[in-house]
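Novice: take this sequence and fold it.
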Amino acid sequence: MNFTWDWEIAWDVLPDLLRGLVITIEATVVGMVIAAILGLLIALAMRAPTRWVRGPLRLVVDFIRMTPLLVQLVFAWLLLVDVPPLVIGFGVLGVHYATYMSEVYRAGIEAVPRGQWEAATALNLPKGRTWRAVVLPQAIRNTLPGLGNYAVSMFKETPYLFAITVVEMYQAAQQYGALTYSYVEPITMVGLLFLIVSYPAALLVRRMETRLA
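Specialist: Coordinates of the predicted model:
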């Protein structure tokens with residue numbers, strides 16, 4: 001089969017793809033906010049002294065990690081019929097990645113030097129202030145590169161939202177192709193737009209990792 005590139009089609013589909021890109025970025029940003037906050041809460045809860053908290057939470061976290069994101073999206077969409085699909089996408093992306101980010105936070109917390117904990121104890125700082133003023137600022141600084149990598153990964157997984165009828169970039173390309181029977185240009189343009197956004201972001205994360213090392 002001989003494929004030829006048509007610039008007219010490429011320019012014609014570009015506005016639809018850019019609208020899809022806005023939705024893709026919106027889903028990534030909102031999903032990351034949810035994941036970053038929820039992931040930190042999970043990491044803190046996993047340090048609870050009682051196993052009755054840690055045990056059930058570990059089961060939930062492992063279940064979410066071991067089931068595909070696509071299945072989670074479709075299940076939530078079928079279950080929450082009155083919720084807008086994009087909102088479901090925000091929530092599922094956020095919860096799914098929160099389970100991974102919790103491990104990044106855990107590693108960051110454990111990387112705080114023991115002397116910092118001992119110094120806070122020697123100064124008789126309350127436990128809450130120790131976490132807010134001593135532990136979390138250092139832990140979050142250590143986790144920034146890891147969180148950045150997950151942000152890039154989430155951005156690249158937003159095409160799964162097509163399964164719940166969200167018209168992000170990939171779905172916009174598919175819809176255009178279904179109407180015009182031209183798929184090469186739309187899908188190629190989607191790949192290029194993903195590259196244009198994700199590659200600089202990945203370089204930024206790498207530079208951040210180098211500076212914080």
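Novice: tally of neighbours for Leu147?
Specialist: Using other CB atoms under 10 Å, Leu147 is surrounded by 22 other residues. Where C-beta positions appear, they are placed from N, C-alpha and C, glycine not excepted.
Novice: and what about it, helix, strand or coil?
Specialist: Of the three states, Leu147 takes helix under DSSP: H, G, I helix; E, B strand; the rest coil.
Novice: now do Arg141
Specialist: helix.
Novice: any idea how many residues pack against it?
Specialist: Neighbour tally, Arg141, other CB under 10 Å: 13.
Novice: what residues are up against it?
Specialist: 108, 212 (CB atoms under 8 Å, 6 or more residues apart in numbering).
Novice: for it, give me the pLDDT.
Specialist: You'll see Arg141 listed with a pLDDT of 83.
Novice: tell me how far stretch 23-40 lies from the chain's centre.
Specialist: Centroid separation for stretch 23-40 versus its chain: 6 Å, with CA atoms, centre = their mean, to the nearest Å.
Novice: residues in contact with that stretch: which ones?
Specialist: 86, 89-91, 93-102, 104-105, 140, 147, 150-151, 154-155, 158, 161, 166-169, 197.
Novice: swap in stretch 126-139?
Specialist: 105, 108-109, 111-112, 116-117, 119-121, 125.
Novice: over to stretch 97-105?
Specialist: 31-32, 34-40, 42-44, 46, 61, 64-65, 139-140, 143, 146-147, 150, 153-154.
Novice: contact partners for the residue nearest to Val197 when sequence neighbours are not counted?
Specialist: Distance criterion CB to CB, 6 or more residues apart in numbering; nearest residue to Val197, sequence neighbours excluded, is Phe155 at 6.8 Å. Counting by CB under 8 Å, 6+ apart, Phe155 makes contact with 24-25, 28, 194, 197-198, 201.
Novice: and the gap between the residue sitting furthest away from the middle of the chain and Ile109?
Specialist: Distance to the chain centre peaks in the chain at Ala122, reaching 38.7 Å (criterion: CA atoms, centre = their mean). Per CB to CB, to the nearest Å, Ala122 is found 20 Å from Ile109.
Novice: could I get the contacts of stretch 126-139 as JSON lines with secondary structure?
Specialist: Listed next are the contacts of stretch 126-139 as JSON lines, based on three-state DSSP:
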{"residue": "Tyr105", "secondary structure": "helix"}
{"residue": "Gly108", "secondary structure": "helix"}
{"residue": "Ile109", "secondary structure": "helix"}
{"residue": "Ala111", "secondary structure": "coil"}
{"residue": "Val112", "secondary structure": "coil"}
{"residue": "Gln116", "secondary structure": "helix"}
{"residue": "Trp117", "secondary structure": "helix"}
{"residue": "Ala119", "secondary structure": "helix"}
{"residue": "Ala120", "secondary structure": "helix"}
{"residue": "Thr121", "secondary structure": "helix"}
{"residue": "Leu125", "secondary structure": "coil"}
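Novice: cool, thanks, signing off.
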